[in-house]
Structures are given as structure tokens and as C-alpha cells.
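> heads up, no residue letters with this:
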């Protein structure tokens with residue numbers, strides 16, 4: 001994998017983890033000489049097994065080491081005017097005006113529908129579209145919290161919490177985790193003034209994910225487990241919506257455990273979650289599915305595949321993925337990640353043909369996403385370095401600009 005930024009990223013992540021080169025070498029079982037060469041720019045490439053080992057030693061996702069795929073198109077800017085508008089919406093200027101009460105044309109139902117649409121767009125990776133709509137949605141939600149009717153005001157705070165949660169997710173995708181936490185903390189405040197008992201644990205799950213992105217694995221694990229236990233104690237898992245939120249928190253906790261080196265504990269959590277997910281379809285639903293956490297047998301299995309391949313169990317990942325039938329509510333972004341993880345697993349077990357076949361499927365499903373994804377490029381580079389290229393590899397390499 002050729003990556004001029006790899007050494008710089010490796011050094012930054014190692015320092016954030018407070019590790020010496022020798023300590024990272026011991027954790028990852030990668031020679032300290034390889035780490036030195038990468039950080040000093042004397043070595044610009046590494047095979048996927050080495051990168052997997054380094055990422056695990058650092059406690060981060062492989063894509064964090066490689067460089068996350070761009071959250072906006074190549075013409076977008078992380079701190080361009082559109083994102084500045086999102087910042088201002090999340091953090092209004094000091095001494096700004098208080099929100100005005102909603103007028104006669106204001107519709108809370110329409111606002112809820114627009115926020116739900118925003119989540120649908122987010123899961124489809126349409127980040128630019130979401131960014132464009134966020135400032136107005138946040139402003140409208142603030143307006144709803146100024147309603148004179150107590151029930152409408154509480155519903156307005158629920159809408160505000162949900163749209164600030166969405167803003168937090170977008171900020172994470174833009175690499176702005178501190179801004180994400182600010183947005184999520186304000187979402188927590190809004191949830192406390194709402195009448196939705198599921199909103200707070202949903203936002204906690206988003207905070208746990210953000211902590212993971214910052215390498216704060218113990219913090220992420222702790223808040224996810226506490227929120228999941230609170231839901232069980234409050235008997236919130238008796239409805240489909242409540243069980244989905246509990247399941248998302250449990251999967252989040254499992255991810256943190258795996259990244260902390262306790263894969264067995266993570267696998268046990270995931271098995272429990274998958275058994276519980278079967279109950280979702282048997283329980284009553286009260287809300288808009290687009291506004292509730294993603295949790296189903298399909299989503300749990302996708303996450304189990306991801307953890308298995310990320311933490312050195314490619315054979316188990318392929319076994320888990322074999323014959324999977326995805327439910328209709330599985331977001332497109334989850335489907336694409338599954339294909340990429342299966343391609344990684346095939347590569348790790350030396351099945352180049354299986355990796356190519358899976359990548360061809362990924363290209364049909366999400367060509368633009370794949371073209372900009374650093375991990376997809378890394379897999380194809382590894383395959384291209386093989387002495388014998390499997391059939392179908394050349395078109396993929398040309399599509400991704402590998403081997404030029």
C-alpha cells in the first residue's frame with residue numbers, strides 16, 4: 001500500500017496512545033525497525049496484515065490508520081462555508097437572540113419528517129446533503145422548544161436532541177470529534193427536557209462511538225454498558241424501539257471491548273445481541289424506524305463479521321457471512337461495509353479469487369464509495385502485488401488507479 005501520509009498518521013496515533021515505538025512493536029508484534037522506517041518516511045508501504053497488526057496495537061480501526069474515506073466529495077472542504085454554518089448552528093454566537101415561539105405555519109410533524117429524512121440521507125452517506133439542511137433544522141428545532149404548550153415544548157426538545165445527535169454524527173464523519181461531543185452534550189441536555197425515554201440512551205450510544213474514534217475505549221465501554229443496564233432496569237426492552245436501542249448500545253460496548261484486546265468478551269456480547277435481535281420483529285413499534293437505532297439480526301451479524309476480520313479471525317468472519325440474508329431495513333452503508341469486510345477476510349486467508357469476486361460486487365453496489373475508500377484501494381494494492389493476478393483484478397486496479 002503506497003501512502004505518503006501513512007508514516008505521519010502512524011506517529012500521530014502512537015503519540016496519542018502514549019506509546020513508544022518499542023511499546024507499539026510489542027503490542028502489535030511488528031518489528032520496531034518497520035515502525036521506525038514507516039514513521040521516518042524511509043518506508044512508504046506495508047502489507048495489510050502489518051497494517052491490521054499496527055491498528056490493533058493502537059486500538060483504532062484500520063481505516064483510521066489508512067485515513068478515513070472522504071465524507072464529502074473531492075470538491076468539498078471540511079471547514080468550508082457549509083461546515084461553518086453547521087458549527088454556528090451547534091454553537092450559536094454568544095449573546096445571540098433567544099428562539100422565537102413557533103408561528104401559525106410551523107409544523108412539528110413536518111420537522112420530525114425532515115429530521116427522519118436527514119437520518120436516511122446520513123445512512124446513505126449523502127453527507128453534503130445533510131450538511132446543507134442541518135442549520136435550518138437545528139434552528140427550527142430551537143423554535144419548537146419555545147412553544148407555549150408544555151407537550152409541544154417537550155416534543156420540540158425531543159426534535160432538538162435528535163437533530164443535534166445527527167449533527168454530531170456528521171461532525172465525526174468530517175473528523176471533528178470535539179465538535180461532535182459538543183453537539184452530543186447539548187443533545188443530552190435537550191433529551192433531559194423531552195418526554196422521550198429512549199432519546200438519552202440513543203445519544204449516549206453516539207457519544208460512545210465518538211469516544212471510540214478518539215481512542216477513549218474505556219470511556220466508551222463504560223457509558224455504553226451503563227446505559228444498556230439502565231434500559232434493562234427500567235424495563236425499556238419490552239418494545240421493539242427500546243430493544244433496538246439496547247442492542248445498539250450492546251454492540252457498541254462489544255466494539256470497545258474488542259479494540260481493548262478482549263475479543264472473547266466482545267464475541268460473547270455480540271452473540272447475546274444477535275439472540276435478542278430475533279425478538280425485534282415480534283414486538284410492537286411506536287416510532288419512525290428512521291429515528292431509532294439500527295438493530296436487527298442482519299445488523300448484528302454484519303458487526304460480528306466486522307469485528308472478526310478486524311481482530312484477526314478471518315475464517316470466522318467468512319463463516320459468519322456465508323449465506324447471510326440482509327433484512328430490508330439494513331441501511332445501504334452497512335451493506336457496503338459488509339462487502340468490504342468480506343473482501344478483507346478473503347485476502348487475509350489467501351483467497352485472492354474470492355476477494356476479487358467480492359470487490360466486483362462492491363463496485364456494482366457502491367462504485368463512487370469504493371473509488372474513494374482507502375481500505376478498498378489497500379486491498380487491491382495487496383492483490384496487485386501478488387505474482388499471479390486473479391481473473392478480474394486488472395479492471396478493478398484500473399478503476400481504483402492502482403498499478404499506474
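Cool, got the structure. Bear in mind the structure is a predicted one, so any value in this text is a computation, not a measurement. Residues are numbered from 1 along each chain as shown.
> domains for this structure, by residue range?
The chain breaks down by automatic domain parsing into domains covering 6-58, 76-196, 326-404.
> a markdown table for those, including mean neighbour count and distance to residue 294?
For every residue, glycine as well, the C-beta is placed using N, CA and C. Formatted as a markdown table, the domains of the chain follow (neighbours: other CB atoms under 10 Å; distance: least, CB to CB, whole Å):
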| stretch | mean neighbour count | distance to residue 294 |
| --- | --- | --- |
| domain 6-58 | 17 | 24 |
| domain 76-196 | 18 | 8 |
| domain 326-404 | 18 | 6 |
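> so which of those comes closest to residue 258?
With CB to CB as the criterion, residue 258 lies closest to domain 6-58 of the domains of the chain, at 9.2 Å.
> Could you check how far the closest one is from the centre of its chain?
Using CA atoms, centre = their mean, to the nearest Å, the mean C-alpha position of domain 6-58 is found 23 Å from that of the whole chain.
> From start to finish, how long is it in a straight line?
Across domain 6-58, the terminal residues are separated by 14 Å (CA to CA, to the nearest Å).
> Provide a list of residue ranges in the stretch 151-300 of the chain with pLDDT below threshold.
For the stretch 151-300 of the chain, the stretches with pLDDT under 70 are 285-289.
> hmm, back to that, out of the domains of the chain, nearest to residue 290?
Ranking the domains of the chain by their distance to residue 290 (criterion: CB to CB) puts domain 76-196 first, at 4.1 Å.
> Dump the domains of the chain to CSV, plus distance to residue 222.
Formatted as CSV, these follow (distance: least, CB to CB, whole Å):
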stretch, distance to residue 222
domain 6-58, 18
domain 76-196, 15
domain 326-404, 26
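> Of all the ones you listed, which one is nearest residue 299?
domain 326-404 (6.2 Å).
> biggest helix in this structure by residues?
The residue-count maximum for a helix in the chain (DSSP state H) belongs to helix 150-173.
> Would you mind pulling up the elements that it packs against?
Under the contact definition 3 or more CB pairs under 8 Å, 6 or more residues apart in numbering; DSSP states H and E, helix 150-173 sits against helix 81-90, helix 108-123, helix 127-144, helix 177-192, helix 199-213.
> Format those helices as TSV; extra columns: distance to residue 302.
Shown next, in TSV, are the helices and strands packed on helix 150-173 (distance: least, CB to CB, whole Å):
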stretch	distance to residue 302
helix 81-90	29
helix 108-123	13
helix 127-144	21
helix 177-192	23
helix 199-213	15
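> Which among those is found nearest to residue 151?
Across the helices and strands packed on helix 150-173, residue 151 has its closest neighbour in helix 108-123 (10.1 Å, CB to CB).
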